[in-house]
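In: Need a 3D model of the following:
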Amino acid sequence: MQHSHPVDASSEAGHAQSSLRAQLAAHENVLCTVLVDLNRQLRFSQGLLALTDSRLMAQDPETGQWTSWPIPGKTSAGAVPALSLRHFDHAGVGTLELHGDGGRLASWRFTLAANVQVLRLMRLFEHTAAAPDAAGPGDDAALCPLCNTVLPPDSEECATCARELHTPPSTWVLLRLWRFARPYQWQLLAGFLLTLASTAATLVPPYLTIPLIDDILIPFQNGQQIATWKVLVILGALLAAAVVGWALNWARTYLLALVSERIGADLRTATFDHLLELSLDYFGGKRTGDLMARIGSETDRINVFLSLHALDFATDVLMILMTAAILFSINPWLALVTLLPLPFIAWMIHTVRDRLRTGFEKIDRVWSEVTNVLADTIPGIRVVKAFAQEKREAQRFRDANRHNLDVNDRLNKVWSLFTPTVSLLTEIGLLVVWAFGIWLVSKQQITVGVLTAFVAYIGRFYTRLDSMSRIVSVTQKAASGAKRIFDILDHVSNVPEPASPVPMSPLQGRIEMSGLGFRYGNRAVIRGLNLSIQPGEMIGLVGHSGSGKSTLVNLICRFYDVTDGSISVDGIDIRRFTVADYRRNIGLVLQEPFLFFGTIAENIAYGKPGASRAEIVAAARAAHAHEFILRLPQGYDSLVGERGQGLSGGERQRISIARALLIDPRILILDEATSSVDTETEQEIQKALDNLVQGRTTIAIAHRLSTLRKADRLVVMDRGQVVEVGPHDELMAKQGAYWRLYEAQARQVDSEVNQDAEEGRIALATSQVAHTAQHSGNV
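Out: Numbers count the residues shown, from 1 in each chain. The predicted structure is shown next:
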């Protein structure tokens with residue numbers, strides 16, 4: 001039997017599979033195929049890798065020729081050399097190499113879209129080579145696209161990912177809110193006692209109707225005189241019960257509303273505090289609008305549930321229990337008839353609850369799509385208007401809003417049927433009680449007053465039962481919101497705090513990187529990097545885009561933790577310092593400076609909120625920002641718009657430099673600090689940077705190599721590794737990687753200069769021709 005794993009629906013993939021079938025021997029089974037989409041020159045070209053139960057086969061992307069290597073132990077053709085597959089990737093391009101006893105036998109390049117299938121092929125290859133007599137996993141074996149673990153048969157996700165993505169929120173998750181309610185446990189106890197007392201007060205009036213009807217009204221109909229004092233006593237008792245019930249309800253509502261507001265505020269604060277402690281990779285996988293919705297609307301929803309509906313639910317439960325006790329004390333048989341609708345209502349609540357639970361979580365996810373459109377569009381409104389994409393963004397919002405409407409409509413179909421059905425069942429139950437009660441009155445087993453009181457209690461009983469059924473919807477909304485909040489609170493940062501932190505003493509700024517390695521998911525970015533930086537030394541990081549420069553800076557700042565090796569500052573691993581203490585010694589100036597809404601002074605003092613005005617002005621002077629700040633209407637008290645609106649790029653950058661100067665860091669990181677400004681502004685910024693780097697260990701990244709001429713050493717990176725280290729002149733003399741970068745950039749500059757000169761000559765010639773023509777016309 002022959003079969004092959006489908007790789008793609010395109011005609012090229014189908015042709016490759018047909019070619020593969022022609023190469024297969026009788027009874028040879030294909031375990032896995034991978035479509036490799038790059039050739040040796042990294043141009044798109046279709047090739048195929050195939051693993052069978054006896055050999056590894058490859059079709060050359062350029063020639064279409066097939067080559068195969070037998071798997072050890074799977075052939076009888078003499079000794080077969082040991083084979084191994086090696087996989088690595090860089091800058092979005094993956095490489096798979098086949099090695100034997102004599103070295104590398106073959107290699108293939110592919111985009112990371114095929115990375116999961118390549119990992120699967122490697123796993124099957126190792127399994128087949130390690131257990132030659134065992135049957136391979138076959139075509140049903142696969143890897144989870146999210147975490148690359150082995151999938152069960154006929155499954156598209158592993159159990160872990162499926163549980164994380166699709167587990168419906170349980171109502172029990174609301175009990176986890178107790179950690180936020182514990183500080184207010186005595187207030188909650190007082191609220192519960194007030195609820196108990198107010199519920200008891202509301203149950204008094206129906207009981208007083210028994211003597212009012214049996215001892216006063218019915219005897220009066222039979223010709224007896226009304227006892228005025230009895231009437232006054234009963235009516236006074238009814239008035240007193242109403243006033244006491246009102247006072248207890250007011251005290252209960254006010255107290256529990258205060259407590260619920262504080263629980264909601266604590267929940268928001270704890271969620272935001274925990275969010276700030278998470279590493280950058282968490283934010284890389286989340287949308288801003290979704291996080292804002294969780295902290296904002298989800299906590300508000302929980303707050304409303306705690307302040308109103310949880311209170312109503314507790315009142316309803318107490319009312320039902322106490323009413324049921326009174327009903328059974330009055331007449332057990334009539335009380336049993338009252339409970340007839342309960343099993344049907346309980347079954348409906350259980351059925352609808354599950355649908356509501358998943359439905360409300362889906363509504364939350366869909367609503368985050370709406371907020372994501374807002375979070376994308378409003379900050380990027382200049383780009384939207386610059387490209388005249390207002391209609392497109394409006395359509396995105398309408399689509400998201402329509403999706404939200406459709407999901408809500410589907411859920412409302414369920415809910416709209418549930419609520420009237422519960423009301424219908426309670427009405428039927430009331431009719432049954434009336435019928436049975438009239439029969440008991442006719443048999444003289446109960447009085448009219450007892451039946452009247454019973455019906456009054458039943459009205460309260462069914463009203464509370466109906467109210468409890470309506471709370472199901474609110475409860476599931478709160479449970480869905482709580483699940484999304486605890487998804488944040490349960491997430492553990494990938495940059496953990498040390499269990500026994502080392503006290504931070506004044507740093508000298510010596511940095512040691514030993515055997516450094518780091519991966520973004522499956523993609524290796526830094527490999528085996530070793531580098532030593534002396535205190536006060538300025539290092540320039542250079543290399544092609546994607547060579548790992550910014551990643552290395554992120555690791556030094558401990559925005560991420562290394563996968564392998566270590567980074568030490570003054571001989572101490574940075575993971576032994578607390579994150580906040582360590583980062584207070586680092587000044588960071590980014591390519592795109594971020595300014596917060598507030599005054600100029602507040603932005604400069606962001607890293608040192610208690611700085612005096614004299615310190616702020618001194619930092620601004622050193623950053624060459626003082627002059628332009630004074631030209632603003634309010635000087636240092638001038639408001640900066642969101643993200644620095646109203647200031648030029650160079651002005652924002654100089655404020656960013658002043659912000660770094662003010663905290664007086666021992667380690668300074670400059671990430672393309674002058675790449676996005678004109679030459680004149682760059683000179684101003686460079687003067688500010690010269691003041692900033694003095695006496696500090698400085699690591700600067702720049703694509704414009706001329707800006708790093710003052711660096712003590714240049715570190716050239718390629719594919720996550722250091723390939724050259726040394727001063728500018730020394731590296732130029734070597735004519736290695738740095739020399740090639742410098743020459744390529746110099747040729748580009750010369751080309752731009754020549755192009756500008758040519759355009760100038762053309763413009764001049766055009767002007768002269770026009771002038772000559774005009775002069776001839778005048779003559």
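
In: Need the contact partners of stretch 371-385.
Out: Residues from elsewhere that reach stretch 371-385, judged by C-beta atoms under 8 Å, 6 or more residues apart in numbering: 287-290, 292-293, 389-390, 393, 396-397, 400, 642-643. Yep, even glycine has a C-beta here, placed from its N, CA and C like the rest.

In: Considering those, which possesses the most neighbours?
Out: With neighbours set by other C-beta atoms under 10 Å, the maximum within those is found at A293, which has 23 neighbours.

In: For that one, grab phi and psi.
Out: Per-residue torsions, A293: phi -70, psi -40 (degrees, to the nearest 10).

In: And it, how close does it get to F305?
Out: 17 Å (C-beta to C-beta, to the nearest Å).

In: do the same with R510
Out: Following C-beta to C-beta, the distance that separates R510 from F305 is 55 Å.

In: The two - which one has more neighbours?
Out: When neighbours are counted by other C-beta under 10 Å, R510 and F305 differ, and F305 comes out ahead with 25 against 18.

In: show me what contacts that one?
Out: L174, V474, T475, K477, A478.

In: Select from the residues you listed every entry located in strands.
Out: With strands identified by DSSP state E, none of the entries of those belong to them.

In: can you tell me which of those residues lies nearest to T563?
Out: L174 (38.4 Å; C-beta to C-beta).

In: wait, the closest one sits on K477?
Out: No. Taking contacts as C-beta atoms under 8 Å, L174 lies outside contact range of K477: 10.8 Å.

In: Sketch out the low-pLDDT regions of the stretch 201-350 of the chain for me.
Out: Counting by pLDDT under 70, the ranges of the stretch 201-350 of the chain that qualify are 223, 284-285, 307-308, 311, 350.

In: Tell me the spacing between V34 and K362.
Out: V34 sits 35 Å away from K362, taking C-beta to C-beta as the criterion.

In: Just want to know which of these two has more residues nearby.
Out: Neighbour comparison, V34 and K362: the larger count goes to V34, with 25 against 15 (by other C-beta under 10 Å).

In: If you average the pLDDT over stretch 708-716, what comes out?
Out: Throughout stretch 708-716, pLDDT has a mean value of 83.

In: buried residues in that stretch?
Out: Judged by neighbour count using 16 or more other C-beta atoms under 10 Å, the buried positions of stretch 708-716 are L708, A711, R713, L714, V715, V716.

In: From those residues, pick the one nearest T447.
Out: Proximity of the buried residues of stretch 708-716 to T447 (C-beta to C-beta) peaks at V715, which lies at 98.6 Å.

In: did I read that right, that closest one in a strand?
Out: Yes. With DSSP: H, G, I helix; E, B strand; the rest coil as the criterion, V715 is part of a strand.

In: Test my guess that it contacts I539.
Out: Yes. At 5.7 Å, V715 and I539 qualify as touching, with contact defined as C-beta under 8 Å.

In: any idea which helix or strand carries L516?
Out: strand 511-520 (DSSP states H and E).

In: Please, where are all the helices along the stretch 51-200 of the chain?
Out: Assigned by DSSP state H, counting those that start in this stretch, the helices in the stretch 51-200 of the chain fall at 115-130, 159-166, 178-181, 185-202.

In: between the helix or strand hosting N249 and helix 185-202, how many degrees?
Out: Per DSSP H and E, N249 falls inside helix 228-277. Using axes from the mean of the first three to the mean of the last three C-alpha atoms, to 10 degrees, the interaxial angle of helix 228-277 with respect to helix 185-202 works out to 150 degrees.

In: least trustworthy helix or strand in the protein by mean pLDDT?
Out: helix 159-166 (a mean of 44; mean pLDDT, DSSP states H and E).

In: any chance you could map the strands in the stretch 451-600 of the chain?
Out: Listed in chain order, the strands of the stretch 451-600 of the chain (DSSP state E, counting those that start in this stretch) span 511-520, 523-533, 538-543, 564-569, 572-573, 586-589, 598-599.

In: What strands line up against the longest one, and which way round?
Out: Strand 523-533 has the following sheet partners, assigned by DSSP bridges: strand 511-520 (antiparallel).

In: What residues of the strand it pairs with count as buried?
Out: Here strand 511-520 shows I511, E512, M513, S514, L516, G517, F518, R519 as buried, counting by 16+ other C-beta under 10 Å.

In: ok, those vs A200, which is closest?
Out: Within the buried residues of strand 511-520, proximity to A200 (C-beta to C-beta) peaks at R519, which comes in at 64.5 Å.

In: wait, that closest one sits on V525?
Out: Yes. Proximity of R519 to V525 meets the contact threshold set by C-beta under 8 Å, at 6.5 Å.

In: any idea which helix or strand carries P343?
Out: In this structure, P343 is located in helix 342-377 according to DSSP H and E.

In: any idea how far that helix is from the chain center?
Out: For helix 342-377, the separation from the chain centroid amounts to 20 Å (computed by C-alpha atoms, centre = their mean, to the nearest Å).

In: One more: stretch 229-240?
Out: Using C-alpha atoms, centre = their mean, the offset of stretch 229-240 from its chain centre is 62 Å.

In: cool, stretch 380-394 as well?
Out: The chain centre lies 25 Å from the centre of stretch 380-394; the measure is C-alpha atoms, centre = their mean.

In: Now do the buried residues in it.
Out: Across stretch 380-394, burial judged by 16+ other C-beta under 10 Å covers V384, E393.

In: And stretch 181-189, by the same measure?
Out: Buried residues in stretch 181-189, counting neighbours by 16+ other C-beta under 10 Å, are found at A181, Y184, L188.

In: out of those residues, who's nearest A620?
Out: When the buried residues of stretch 181-189 are compared for distance to A620, the smallest value, 46.6 Å, is given by Y184; criterion: C-beta to C-beta.

In: which ones are touching that closest one?
Out: With contacts defined as C-beta under 8 Å, 6+ apart, Y184 is in contact with V259, R262, I263.

In: Tabulate those residues in JSON lines, adding columns for neighbour count.
Out: Shown next, in JSON lines, are the contacts of Y184 (neighbours: other C-beta atoms under 10 Å):
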{"residue": "V259", "neighbour count": "22"}
{"residue": "R262", "neighbour count": "17"}
{"residue": "I263", "neighbour count": "23"}
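
In: quick one: which of those residues is nearest to L217?
Out: Minimum distance to L217 across those is 44.6 Å, recorded for V259 (C-beta to C-beta).

In: any idea how far that closest one lies from A700?
Out: In terms of C-beta to C-beta, V259 sits 54 Å off from A700.

In: Next one: the nearest residue to N494 once chain neighbours are set aside from L555, what distance?
Out: Ranked by C-beta to C-beta, 6 or more residues apart in numbering and with sequence neighbours excluded, the top spatial neighbour of N494 is S279, at 4.4 Å. To L555, S279 is 12 Å away according to C-beta to C-beta.

In: what's the answer for L194, then?
Out: When distance is defined by C-beta to C-beta, L194 is 57 Å away from L555.

In: neighbour count winner among those two?
Out: Each of L194 and L555 has its neighbours counted (other C-beta under 10 Å); L555 has more, 24 against 20.

In: That's all I had, so thanks and see you.
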